[in-house]
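Peer 1: Got a sequence here, can you build the structure:
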Amino acid sequence: MEPRRPLHGLSDIRAFFHTNTVPLYFISPTPFNLLGIDRWVRNFFYLTYFDSFEGEHPRVFVPRRRNRMDFDSMEDVCNYLLRDPETLEFIERRGPGGQACFVMLDEATHAFAHEVGLGVMQPPAELRHRLGSKIVMTRLAQKAGVSSVPNVIGRAGSYDELSALAHGGGLGENLVVQSAYGDAGTTTYFLKGQRDWDRHAGDLAGQELKVMKRIRNVEVCLEGVVTRHGTVVGPAMSSLVGYPELTPYKGGWCGNDVWRGVLTPTQTHTARTMVRKLGDRLHREGYRGYFEVDLLHDLDSDELYLGEVNPRLSGVSPMTNLTTEAYADVPLFLFHLLEYLDVDYELDVDELNARWERGYGDDDVWSQLMIWETSPRVELMTATPRTGIWRLDDDGRVGFARPANDWASLMDESEAFYMRIAAPGDVRCKGAELGVLVTRGHLQTKDYRLTDRCRRWVEGIKAQFRSTRLTPGEPTVPRLVARA
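Peer 2: Numbering: from 1, shown residues only. This next block holds a predicted model:
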């Protein structure tokens, strides 16, 4: 058999994936992070635990006989699926040589995948864990020439010790403190005195901490892929953070807006250069594949700083892939797949990055919302909104319009694609993830408030939920997708 010729450019890459014969699996609690990739890649399947589509998505497999159980992490869900007989039968029917990718995985996930004959399209767990540390990446970023907000790294067992650390770094008393690991703002703490320390001391005392000067900033997200040809960088987008209508966490991520004007052209170039430098540094550490970067835009100095690096898929991946698809090229994630499939390819990374930096139409704006339960009540859900296209009418009423598998058929800003996370029978409690909403247009104003349209969407979707008081012994099933 003659060796396959190398793929030359994007046209060959598109054709390769449209004719792909290797079974490819995204294994995760829900399909959220890579929803829509199946339109680009033949033989791509989603193996999930939570049934967002009620059996109506042809590429989503959910085992019918699921044990109602508590999961402590996304890794636990993936490991459960890799031992589930129905899921393993689904994989076996599609033949040998399958490859799997995940958002979150640990050493056990690697082992279970290999036991059932699946390759893992991600770097080793030990490397990803090391690079997932905010402390480690702060130090590596400094070596790469990427600056962080003024900070010190150290340990504190009391507020006095924290103050001494901050004083030594000239950071003042208004601080932002992060521990090494945590996502979506759940381990970011805003401290301005003894009382704030006392509230969070159990999470901070004795740990290695990144202690930062508090700045007036907004978060800008970009994703990239470390390839053999260099680092490909996706579009910039602003984050929605801490809105009490959407999340119970003060520093919690709860959505994104992606459009040309996220940053000025000069800032866009700077941000993309920072991400490329970080990708090149990850490559030196042995990493390849997909990663996400949070940058902090200081509204007073106009400087850009590193927030954190996530060496994996993330919650902003749908926006990245949707937008790079809109460039009439390919979703960014396809470059990750190329790094792990048995194919040689050629790619002019500099030319691709330059074209993507120039961007797209001013009116091509997309947004997403992560909708969390913010009420402290604990109840059992009896009705939840279904997955599909919803419409917001002129009077502000939200109603179901039609079934859909993703956002590809959205017509205009009056429509949104909603993907169900919470389902009837699940527990409604503070911090439970209810669903994801994707729409055209902005959901955040220029002065960083929710738009009126956004508020109507949130109110309208939340109005579809019904719940009743829990009876003793009811199971709880935490939702684990949006924190990615």
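Peer 1: what bits of this protein have low per-residue confidence?
Peer 2: Residues of the chain meeting the criterion pLDDT under 70: 1-3, 67-69, 182-186, 328, 360-363, 472-484.
Peer 1: can you give me the helices for the chain?
Peer 2: 9-18, 74-81, 85-93, 107-115, 125-131, 134-143, 159-168, 194-204, 265-284, 317-326, 333-340, 349-358, 452-462 (DSSP state H).
Peer 1: Tell me how far the fifth one lies from the chain's centre.
Peer 2: Per C-alpha atoms, centre = their mean, to the nearest Å, the displacement of helix 125-131 from the mean C-alpha position of its chain is 18 Å.
Peer 1: The first one now?
Peer 2: With C-alpha atoms, centre = their mean as the basis, the distance from the averaged C-alpha position of helix 9-18 to the chain average is 26 Å.
Peer 1: oh, and call the first residue 18 from now on, that's how I've got it
Peer 2: Got it, the first residue is 18 from now on, which makes the last one we talked about helix 26-35.
Peer 1: what angle do that helix and helix 366-375 make?
Peer 2: Counting by axes from the mean of the first three to the mean of the last three C-alpha atoms, to 10 degrees, helix 26-35 points 90 degrees away from the direction of helix 366-375.
Peer 1: just checking, what packs against helix 26-35?
Peer 2: Contacts defined by 3 or more C-beta pairs under 8 Å, 6 or more residues apart in numbering; DSSP states H and E place helix 26-35 against helix 350-357, strand 362-363. C-beta: built from backbone N, CA, C; applies to glycine.
Peer 1: For E374, the count of nearby residues, please.
Peer 2: E374 has 16 neighbours, counted by other C-beta atoms under 10 Å.
Peer 1: Identify the residue spatially nearest to it, adjacent ones excluded.
Peer 2: Nearest non-adjacent residue to E374, counting by C-beta to C-beta, 6 or more residues apart in numbering: R289, 5.7 Å away.
Peer 1: How much space separates that neighbour from Q159?
Peer 2: 19 Å (C-beta to C-beta, to the nearest Å).
Peer 1: between the two, who's got more neighbours?
Peer 2: For R289 and Q159, the more surrounded residue by other C-beta under 10 Å is R289, and the numbers stand at 22 against 13.
Peer 1: The more buried one contacts L369, correct?
Peer 2: No: using C-beta atoms under 8 Å as the test, R289 is too far from L369 to be in contact (11.7 Å).
Peer 1: show me what contacts the residue nearest to E374?
Peer 2: With contacts defined as C-beta atoms under 8 Å, 6 or more residues apart in numbering, R289 is in contact with L239, V250, A253, N370, E374.
Peer 1: okay, among these, which ones form the most distant pair?
Peer 2: A253 and N370 (12.6 Å; C-beta to C-beta).
Peer 1: Point me to the residue sitting closest to the centre of this structure.
Peer 2: G332 (1.5 Å; C-alpha atoms, centre = their mean).
Peer 1: That one contacts W270, correct?
Peer 2: Yes: taking contacts as C-beta under 8 Å, G332 lies within contact range of W270: 6.6 Å.
Peer 1: follow-up on the earlier one: any idea which of the contacts of R289 is closest to V39?
Peer 2: Closest approach to V39 among the contacts of R289 (C-beta to C-beta): V250, at 26.6 Å.
Peer 1: The nearest residue in space to G448 that is not next to it in sequence and C446: what is the separation?
Peer 2: Once flanking residues are discounted, G448 sits nearest to P265: 5.6 Å by C-beta to C-beta, 6+ apart. P265 is 10 Å from C446, where distance means C-beta to C-beta.
Peer 1: what is in contact with these two at once?
Peer 2: By C-beta under 8 Å, 6+ apart, the residues touching both P265 and C446 are E390.
Peer 1: gap between the two ends of stretch 261-270?
Peer 2: One end of stretch 261-270 to the other measures 11 Å (C-alpha to C-alpha, to the nearest Å).
Peer 1: Return the set of buried residues in that stretch.
Peer 2: Across stretch 261-270, burial judged by 16 or more other C-beta atoms under 10 Å covers E262, L263, T264, P265, Y266, G268, G269, W270.
Peer 1: Now T264. Nearest residue, chain neighbours left out?
Peer 2: Nearest non-adjacent residue to T264 (C-beta to C-beta, 6+ apart): C271, at 4.3 Å.
Peer 1: need the contact list for that neighbour.
Peer 2: L257, V258, G259, Y260, L263, T264, L386, M387, I388, W389.
Peer 1: Out of the residues you listed, which is nearest to T399?
Peer 2: Taking these together and measuring to T399 by C-beta to C-beta, the closest member is I388, at 17.9 Å.
Peer 1: Would you mind naming the residues that bridge with the closest one?
Peer 2: G452 (DSSP bridges).
Peer 1: what's the spacing between it and K479?
Peer 2: 7 Å.
Peer 1: what does D365 give?
Peer 2: According to C-beta to C-beta, D365 and K479 sit 47 Å apart.
Peer 1: now F34
Peer 2: Distance, F34 to K479, by C-beta to C-beta: 38 Å.
Peer 1: likewise N191?
Peer 2: Note on N191: its distance to K479, by C-beta to C-beta, is 33 Å.
Peer 1: Which one's more surrounded, the two?
Peer 2: Between N191 and K479, counting by other C-beta under 10 Å, K479 is the more crowded of the two (18 against 13).
Peer 1: give the contact list for the more buried one.
Peer 2: By C-beta under 8 Å, 6+ apart, the residues touching K479 are I388, L451.
Peer 1: Next: F417.
Peer 2: Per C-beta under 8 Å, 6+ apart, neighbours of F417: P402, R403, G405, I406, W407, R408.
Peer 1: Is it correct that V39 is in contact with R59?
Peer 2: No: contact criterion C-beta under 8 Å: V39 and R59 do not qualify, at 9.3 Å.
Peer 1: higher neighbour count, those two?
Peer 2: The residue with more neighbours, out of V39 and R59, is V39; 18 against 13, by other C-beta under 10 Å.
Peer 1: quick one, what contacts that one?
Peer 2: Contacts of V39 (C-beta under 8 Å, 6+ apart): N60, G114, G115, Q116, L358.
Peer 1: For it, give its distance to V193.
Peer 2: As judged by C-beta to C-beta, V39 and V193 stand 44 Å apart.
Peer 1: do the same with D315
Peer 2: 13 Å.
Peer 1: and these two? which has more neighbours close in?
Peer 2: Higher neighbour count among D315 and V193: V193, with 20 against 14, using other C-beta under 10 Å.
Peer 1: Test my guess that that one contacts F207.
Peer 2: Yes: if you go by C-beta under 8 Å, V193 and F207 touch, sitting 5.9 Å apart.
Peer 1: Please enumerate the shared neighbours of the two.
Peer 2: Joint contacts of V193 and F207 (C-beta under 8 Å, 6+ apart) are R231.
Peer 1: Just list whatever residues bridge to T248.
Peer 2: Taking DSSP bridges as the rule, T248 bridges to V243.
Peer 1: circling back: now the contacts of R289 in JSON lines, with distance to R414?
Peer 2: Output for the contacts of R289, formatted as JSON lines (distance: C-beta to C-beta, whole Å):
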{"residue": "L239", "distance to R414": "36"}
{"residue": "V250", "distance to R414": "40"}
{"residue": "A253", "distance to R414": "34"}
{"residue": "N370", "distance to R414": "44"}
{"residue": "E374", "distance to R414": "41"}
